[in-house]
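**Q** no sequence for this one, just the structure:
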C-alpha cells in the first residue's frame, strides 16, 4: 500500500515538474484525463501505467543532466523532423523511448565531448 501511495504522489509531482496538463500526461501514458485525476486523488495505478510512469520519470531524470528541468516538458512536446514530425512524447507513448534517448544521450558527438549540450539539443529542435 505504501508503494501505491508513492506512485500516486509521483503522478502529481512529475506532471508538475514537466508543466504538463492532465490531458498531456494522459496522452503520453495512453490513459484518460479521468485516470490521471483519480491517480492523483489516490486511486490504485494499474501496473502497466505504473511502468509507463516510471519510464517518463526515467526520461525526465536523464534529460535533467542535459538541460534545465523547466525546459524538459516543453521540449518533449516539440515536433522534430528527426522523428518524422513527431514529438519525443509521442515516441514515449508508442514505446519508442530508446529512439530519441539514443540520439540525445548516446550521441557519439556528445560522448566524445565534441558538441556542447545546447548544440546537441538545438540540433534536435
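**A** Sure thing, it's come through. Model, not experiment: these values are computed from the prediction.

**Q** residue ranges of the helices in the protein, please?
**A** Counting by DSSP state H, the chain has these helices, from start to end: 2-18, 22-29, 33-40, 47-64, 69-76, 88-93, 97-104, 108-111, 117-124.

**Q** how much space is there between residue 62 and residue 71?
**A** 14 Å (Cβ to Cβ, to the nearest Å). In short, each C-beta sits where N, CA and C put it, glycine included.

**Q** if we can go back for a sec, export the helices of the chain to CSV and tack on distance to residue 82 and mean pLDDT?
**A** Below are the helices of the chain laid out as CSV (distance: least, Cβ to Cβ, whole Å; pLDDT from 0 to 100):
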stretch, distance to residue 82, mean pLDDT
helix 2-18, 21, 75
helix 22-29, 18, 96
helix 33-40, 29, 95
helix 47-64, 16, 92
helix 69-76, 13, 93
helix 88-93, 10, 94
helix 97-104, 7, 77
helix 108-111, 14, 48
helix 117-124, 6, 44
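
**Q** How about stretch 73-93, which residues are buried there?
**A** 73, 75-77, 80, 83, 86-93 (16 or more other Cβ atoms under 10 Å).

**Q** Can you give me the end-to-end span of that stretch?
**A** Terminal residues of stretch 73-93 lie 14 Å apart, using Cα to Cα, to the nearest Å.

**Q** Tell me the gap between it and the middle of its chain.
**A** 10 Å (Cα atoms, centre = their mean, to the nearest Å).

**Q** what does that stretch contact?
**A** 17-20, 24, 27-30, 52, 55-56, 59, 63, 67, 97, 99-100, 103, 121, 124-125 (Cβ atoms under 8 Å, 6 or more residues apart in numbering).

**Q** sorry, back to before: what's the most buried one of the helices of the chain?
**A** Greatest average neighbour count among the helices of the chain goes to helix 88-93 (a mean of 21), per mean count of other Cβ atoms under 10 Å.
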